[in-house]
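Peer 1: sequence unknown, structure follows:
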């Protein structure tokens, strides 16, 4: 079992930056592909970014390319999402996810965190 705990969310103004963290416990995340998803009120959960087990491959949703960066620190067993140039439409609950398989943009991940709220005001 892998337990994932997100942190770093908050209320910021448009144009600001935030860094989300996803701390894992139970297993080392070096064996897992990791991803971030988000869910806005009234909308389905959507893919944001993913990083492969080795950290070699990353994948981003088009709406965050050039603004968000996913990274992983195996020594800290933590995955990060650096979010720059935030927009009001980025407002959502952000979830961390882990998969023993290959990373994907679908929601087929084995483990999920509880989420952290990000609110961007205009």
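Peer 2: Thanks, I have it. Nothing here was measured: the structure is a model prediction, and the numbers come from that model.

Peer 1: For the nearest residue to residue 2 once chain neighbours are set aside, give the beta-bridge partners.
Peer 2: Spatial nearest neighbour of residue 2, chain neighbours left out: residue 111 (4.4 Å); criterion: Cβ to Cβ, 6 or more residues apart in numbering. (Each C-beta comes from the backbone N, C-alpha and C, glycine too.) With DSSP bridges as the criterion, residue 111 is bridged to residue 98.

Peer 1: Around residue 111, how many other residues sit close by?
Peer 2: Neighbours of residue 111 under the rule other Cβ atoms under 10 Å: 19.

Peer 1: so it touches residue 4, yeah?
Peer 2: Yes - using Cβ atoms under 8 Å, residue 111 is in contact with residue 4, at 5.8 Å.

Peer 1: joint contacts of these two?
Peer 2: Counting by Cβ atoms under 8 Å, 6 or more residues apart in numbering, the contacts common to residue 111 and residue 4 are 97-98.

Peer 1: Checking the closest residue to residue 90 other than its chain neighbours next. Helix, strand or coil?
Peer 2: In this structure, residue 90 finds its nearest non-sequential neighbour in residue 120, 5.2 Å apart by Cβ to Cβ, 6+ apart. The three-state label given to residue 120 by DSSP: H, G, I helix; E, B strand; the rest coil is strand.

Peer 1: since we're on residue 120, how many residues are nearby?
Peer 2: So residue 120, with other Cβ under 10 Å, has 20 neighbours.

Peer 1: ok, now which ones touch the most centrally placed residue in the chain?
Peer 2: Centroid-nearest residue in the chain: residue 36, 2.4 Å away (criterion: Cα atoms, centre = their mean). Residues counted as contacts of residue 36 (Cβ under 8 Å, 6+ apart) are 20, 22, 48-50, 70, 79, 81, 94-97.
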